[in-house]
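*Asks:* Would you be able to build a 3D model of this:
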Amino acid sequence: MDLHFGDSKPTDDERAAVDALLGPPESSWEGADRSDADLRWARGGRAARDRRDLLLPGLHAINDRIGWISEGALDYLCRRLTVPPAEAYGVATFYALFSVRPRPATVLHVCTDLACAAAGAGELCAGVEGRLGPGSGVSVQRSPCLGLCERAPAALAVKAGDPVRTAVSAPATVEEAVLAASAPDSAPAEPPAAMAVPQAGDPSLTLLRRVGVVDPASLDDYRAHGGYTALRRAFELGPAGVIREVTDSGLVGRGGAAFPTGRKWQATASQPDHPHYLVCNADESEPGTFKDRVLMEGDPYALVEAMTIAGYATGAHRGYLYLRGEYPRALRRLEHAIAQARARGFLGDDVLGQGYAFDIEIRRGAGAYICGEETALFNSIEGYRGEPRSKPPFPVEKGLFGKPTVENNVETLVNVLPILTMGAPAYAAVGTARSTGPKLYCVSGGVDRPGVYELPFGATLGKLLRLAGVRDGLRAVLLGGAAGGFVRADEMDIPLTFEGTREAGTTLGSGVVLAFDGTVPLPRLLLRIAEFFRDESCGQCVPCRVGTVRQEEALHRIAERTGAAAADDIALLREVGRAMRDASICGLGQTAWNAVESAIDRLGAYA
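*Replies:* Below you'll find the model as predicted:
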């Protein structure tokens, strides 16, 4: 491989940021001062190459300390890890939260995605940009969804340094966003996670029952409210018994694909190749989605316990928690929970004295929607660009580091706890025969009580929106987020199940429910969806790379024209949409046309 380094040198701060992660360099090859001893043998080699997966944490370390990644800093990190600088540059430029060009130490990310756009993000951005112009020491960036849709419009300030400081302003005003950027330590504290759960405290809840009831920082409080009962039950059942319970419960993935969880676990556990890995996908980047954030902020120990059970069942001794880079509070809560669980014997070499070793490592994402796709996520953890892999082989055979891997999102894993405490038959009795258990929904937009709602599968869309206090003048509801589809205001009887939404010609997806009234311009909304997919396409395959651009171009033209000219572009949109759906490598390209198609066909957009 080509290890061509430039002449740029790291600053002392950049070197310190990398060394804090990797330890001091041991040889001049890695960047230490040259000495006679270095000339007698070479150190590093394979051992350094085996640390390639530390490239993403290393980029975070530099970006957090300095605010951007210089050529000298990148070269130094590459020397430490024996990574070709050209490859590392490709990784650094893949993620939206990193910059390889000089910028101020403080960056204010202002969300301009669907929920925030409907709540006045355009005016917020204009006001903030007017106040924080050149010379303010703040870089204002218009951002995709920050996962704070229940408090739209939202802004996230990140001030580089040692340590890095963050502040969230949501719902944001111009004054509050400017304060968060200029003095993050003085910004008002975020409201508790329970504020995002309108049903908080309801004894009938299952997945959300501890949010707002327990102290998310207290392991003892978690245990006092039933915590770690499920793990003890798992040890009584044994790995095969746990998988049998999960299979009999009918649990399917809650990220949108709805693949049977028990089958995935069994396929991984039965692989003879070792080690096995567990990956928790906490990179929920679908516009309108925030349920996993609320779970992690309000009940972090539940995720730690659920990951431990999943690792035990599938024969994994290490779990990776891939967390959105835009979730600073969830990061702090989970770091604390993992440290406490490790100190108290719930993680480590001998979990609960059962002879089972398991530990969890957090890996932060850096702003890439595509990394929600499981194989792109694996590439990201391994230190490569987050581009999806072709399948087969499937992750249960060759996943993370080429080994058998089970990947589930946060909501899916947390469902395992009631399965083991209630028993599979009782869990399967909730919901419908084909969609079992409770489901979380992220409701935002034109409702009085936005937030995360828990209902059994089978409840209607109308019931959910009535709970959330839907406002008069409802025009349309977007189900499933940007990759989902629109339904009309007269379609409130759609049952919220995977099969029910499919029969209705739409999708449940990850549980996004975005309500829009007539004040929200539909063409602008569709254009924002097209812009989102164009920006987030990894560019690996032609149908998606070209198709998302052509889709956005056609929507721009349609917005400016009417009649026959618009009809021609609608026909072009359909042709491009079919090509993306049929030929794209992963779900991003395959679903990029869904919302636009549904708006044209169901809502009569551009009619």
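
*Asks:* C-alpha only now, for contacts and for neighbours.
*Replies:* OK.

*Asks:* any idea which helix or strand carries residue 425?
*Replies:* Using DSSP states H and E, residue 425 falls within helix 424-428.

*Asks:* continuing past that helix, what's the next helix or strand?
*Replies:* Next element after helix 424-428 (DSSP H and E): strand 438-445.

*Asks:* Helices of the stretch 51-200 of the chain, residue ranges please.
*Replies:* 55-66, 71-81, 85-92, 114-118, 121-131, 174-182 (DSSP state H, counting those that start in this stretch).

*Asks:* which one of the ones you listed is the most hemmed in?
*Replies:* helix 114-118 (a mean of 26; mean count of other Cα atoms under 10 Å).

*Asks:* Which elements pack onto the helix holding residue 425?
*Replies:* Applying 3 or more Cα pairs under 8 Å, 6 or more residues apart in numbering; DSSP states H and E, one finds that helix 424-428 contacts helix 229-249, helix 416-422.

*Asks:* Which of these sits closest to residue 325?
*Replies:* Among the helices and strands packed on helix 424-428, the nearest to residue 325 by Cα to Cα is helix 416-422 (25.6 Å).

*Asks:* Which strands and helices lie in contact with the closest one?
*Replies:* Against helix 416-422 (3+ Cα pairs under 8 Å, 6+ apart) you get helix 229-249, helix 300-314, helix 424-428.

*Asks:* try it again with 7 Å
*Replies:* In terms of contacts (3 or more Cα pairs under 7 Å, 6 or more residues apart in numbering; DSSP states H and E), helix 416-422 is packed against helix 229-249.

*Asks:* and the helix it packs on with helix 300-314, angle?
*Replies:* 60 degrees (axes from the mean of the first three to the mean of the last three Cα atoms, to 10 degrees).

*Asks:* Check the offset of helix 229-249 from the chain's centre.
*Replies:* 27 Å (Cα atoms, centre = their mean, to the nearest Å).

*Asks:* quick one: which helix or strand includes the residue nearest to residue 576 when sequence neighbours are not counted?
*Replies:* Closest residue in space to residue 576, ignoring its immediate chain neighbours: residue 547 at 5.9 Å, by Cα to Cα, 6 or more residues apart in numbering. In the assignment (DSSP H and E), residue 547 maps to helix 542-560.

*Asks:* Quick check: which helices or strands does the next helix-or-strand element following that helix pack against?
*Replies:* Using DSSP H and E, the helix or strand that directly follows helix 542-560 along the chain is helix 563-583. Secondary structure elements in contact with helix 563-583, counted by 3+ Cα pairs under 7 Å, 6+ apart, are helix 542-560, helix 587-591.

*Asks:* Tell me which residues of helix 563-583 come out buried.
*Replies:* 566, 569, 570, 573, 576, 577, 578, 579, 580, 581 (16 or more other Cα atoms under 10 Å).

*Asks:* Quick check: the gap between the third one and residue 437.
*Replies:* Distance check for residue 570 against residue 437: by Cα to Cα, to the nearest Å, it reads 40 Å.

*Asks:* still on that earlier bit, highest mean neighbour count out of the helices and strands packed on helix 563-583?
*Replies:* Among the helices and strands packed on helix 563-583, the stretch with the highest mean neighbour count (mean count of other Cα under 10 Å) is helix 587-591, at a mean of 23.

*Asks:* could you say what helices and strands that helix packs with?
*Replies:* So helix 587-591, by 3+ Cα pairs under 7 Å, 6+ apart, packs with helix 563-583.

*Asks:* From the chain's centroid, how far away is the helix it packs on?
*Replies:* Here helix 563-583 shows a centroid-to-chain-centroid distance of 30 Å under the convention Cα atoms, centre = their mean.

*Asks:* Then stretch 200-216?
*Replies:* On Cα atoms, centre = their mean, the centre of stretch 200-216 falls 23 Å from the chain's centre.

*Asks:* Stretch 258-268 now?
*Replies:* Stretch 258-268 sits 21 Å away from the centroid of its parent chain (Cα atoms, centre = their mean).

*Asks:* Redo the helices and strands packed on helix 563-583 as a markdown table? Include mean pLDDT.
*Replies:* A markdown table is the format used below for the helices and strands packed on helix 563-583 (pLDDT from 0 to 100):
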| stretch | mean pLDDT |
| --- | --- |
| helix 542-560 | 93 |
| helix 587-591 | 94 |
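
*Asks:* any chance of these in JSON lines, plus distance to residue 487?
*Replies:* Below are the helices and strands packed on helix 563-583 laid out as JSON lines (distance: least, Cα to Cα, whole Å):
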{"stretch": "helix 542-560", "distance to residue 487": "20"}
{"stretch": "helix 587-591", "distance to residue 487": "16"}
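
*Asks:* Of all these, which one comes closest to residue 480?
*Replies:* Closest of the helices and strands packed on helix 563-583 to residue 480 is helix 587-591, at 10.6 Å (criterion: Cα to Cα).

*Asks:* Okay, angle between the very next helix or strand once past that closest one and helix 563-583 too, please.
*Replies:* Per DSSP H and E, helix 587-591 leads on to helix 594-602 as the next helix or strand towards the C-terminus. Here the directions of helix 594-602 and helix 563-583 differ by 130 degrees (the same axes, to 10 degrees).

*Asks:* hmm, who's touching helix 594-602?
*Replies:* 482, 483, 484, 485, 486, 487, 488, 526, 605, 606 (Cα atoms under 7 Å, 6 or more residues apart in numbering).

*Asks:* pretty sure the fifth one contacts residue 479?
*Replies:* Yes. Contact between residue 486 and residue 479 holds when scored by Cα atoms under 7 Å: they sit 6.1 Å apart.

*Asks:* Of the helices and strands packed on helix 563-583, give the one that comes closest to residue 217.
*Replies:* Ranking the helices and strands packed on helix 563-583 by proximity to residue 217 (Cα to Cα) places helix 587-591 first, at 36.0 Å.

*Asks:* which residues does residue 501 contact?
*Replies:* Contacts for residue 501 (Cα under 7 Å, 6+ apart) come out as 494, 495, 507, 508.

*Asks:* Produce a PyMOL select command limited to the buried residues of those.
*Replies:* Only the buried entries of the contacts of residue 501 go into this PyMOL selection, using 16+ other Cα under 10 Å:
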select buried, resi 494+495+507+508
